[in-house]
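K.L.:
turn this into a model:
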Amino acid sequence: MAVQKTRRRWPVIVFALVITLLLGAAGLYQVANARSFQLAGKLTNRVETTEKLVALTFDDGPDEHTQEIIDALAAERAPATFFVVGAQMEANPGMAEALVKAGHQLANHTYTHRRMIFVSEETVAGEIERTDRLIRAAGQQGEIFFRPPTGKKLVTLPLYLSEHDRHTVMWDLEPDSGATPTAAEIVTQVGQEVRPGSIILLHPWYQSGQNTRDAIKDLTATLRADGYRFVTVGELLARA
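P.N.:
Numbers count the residues shown, from 1 in each chain. Here you go, the predicted structure:
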């Protein structure tokens, strides 16, 4: 009889273990992808303010489209923050310097754009510090903000950032992530969802970023017509 009861319990025990593992995995996924939370250190995804300020941020790059992006932003006098990839800076010499010269801010998006979860502290340090040196060499002054590739962070990365007093900058609006909207759709979504203090994430690089590049002029013009003023991430965080 005891053996039969034990056999009947095994499916229940196995089921409970599977559920526990699934819940644990779901929890880790939520923490790794959270835009407004990380396990350690400073993180901002939007600044609470009544001023109609907005920070445009561009991930990845730079590449051969840099001057096109600079010209589009200049047309509306819109400074932006570029979360650059170290390997791309080396592959496209002079482009990061051109961004700084045009009045934009450079920030760190790692050297290789690898996902920064389940990695060693040495990997984190190498990815960040190598890119920091390139950003300094391009002429960026002041604090260098950080954004993890695809926004993913778990334990090692936040601990490193906290120990080195680094500030993680996420976003609250991403009109071109995970899809290929038209330029008009990008402009419409931003116009509908933007709030004072918003940090907008855009991906204007490579051939896949053509629609985003096409949207920059109308996007900046639309926000300015609605009373918004463009600032860098550093300027926005100074209001926090």
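
K.L.:
mind jotting down where the helices sit in this structure?
P.N.:
Secondary structure of the chain by DSSP state H: the helices cover 2-33, 66-75, 86-91, 95-101, 121-137, 156-163, 183-193, 210-225, 233-237.

K.L.:
what residue ranges in the protein score low on pLDDT?
P.N.:
Applying pLDDT under 70 to the chain flags the ranges 1-27.

K.L.:
hmm, back to that, would you turn the helices of the chain into TSV with mean neighbour count?
P.N.:
All C-beta atoms are positioned from the backbone trio N, CA, C, and that covers glycine. Formatted as TSV, the helices of the chain follow (neighbours: other Cβ atoms under 10 Å):
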stretch	mean neighbour count
helix 2-33	10
helix 66-75	18
helix 86-91	18
helix 95-101	20
helix 121-137	17
helix 156-163	20
helix 183-193	17
helix 210-225	19
helix 233-237	20
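
K.L.:
which of these sits closest to residue 171?
P.N.:
Nearest to residue 171 among the helices of the chain is helix 233-237 (10.0 Å), distances taken as Cβ to Cβ.

K.L.:
longest strand of this protein?
P.N.:
With DSSP state E setting the assignment, residue counts place strand 53-59 as the longest strand in the chain.

K.L.:
by contact count, what packs against that one?
P.N.:
Identification of packing neighbours for strand 53-59 by 3 or more Cβ pairs under 8 Å, 6 or more residues apart in numbering; DSSP states H and E yields strand 81-84, strand 198-202, strand 229-230, helix 233-237.

K.L.:
other residues contacting it?
P.N.:
Here strand 53-59 makes contact (Cβ atoms under 8 Å, 6 or more residues apart in numbering) with 47, 69, 73, 78, 80-83, 107, 109, 147, 169, 171, 194, 196-205, 220, 223, 228-233, 235-236, 239.

K.L.:
hmm, back to that, now render the helices of the chain as CSV, adding distance to residue 42.
P.N.:
Listed next are these as CSV, based on distance: least, Cβ to Cβ, whole Å:
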stretch, distance to residue 42
helix 2-33, 16
helix 66-75, 27
helix 86-91, 22
helix 95-101, 24
helix 121-137, 15
helix 156-163, 8
helix 183-193, 25
helix 210-225, 27
helix 233-237, 9
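
K.L.:
quick one: closest of those to residue 143.
P.N.:
helix 233-237 (6.5 Å).

K.L.:
helices or strands next to the closest one in the packing?
P.N.:
Identification of packing neighbours for helix 233-237 by 3+ Cβ pairs under 8 Å, 6+ apart yields strand 53-59, strand 105-108, strand 167-169.

K.L.:
mean neighbour count and distance to residue 114 added to these, as a markdown table?
P.N.:
Formatted as a markdown table, these follow (neighbours: other Cβ atoms under 10 Å; distance: least, Cβ to Cβ, whole Å):
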| stretch | mean neighbour count | distance to residue 114 |
| --- | --- | --- |
| strand 53-59 | 24 | 14 |
| strand 105-108 | 25 | 13 |
| strand 167-169 | 21 | 17 |
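
K.L.:
and these as JSON lines, adding distance to residue 211?
P.N.:
As requested, the helices and strands packed on helix 233-237 are exported to JSON lines (distance: least, Cβ to Cβ, whole Å):
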{"stretch": "strand 53-59", "distance to residue 211": "14"}
{"stretch": "strand 105-108", "distance to residue 211": "23"}
{"stretch": "strand 167-169", "distance to residue 211": "24"}
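
K.L.:
between the ones you listed, which one is nearest to residue 152?
P.N.:
strand 167-169 (11.4 Å).
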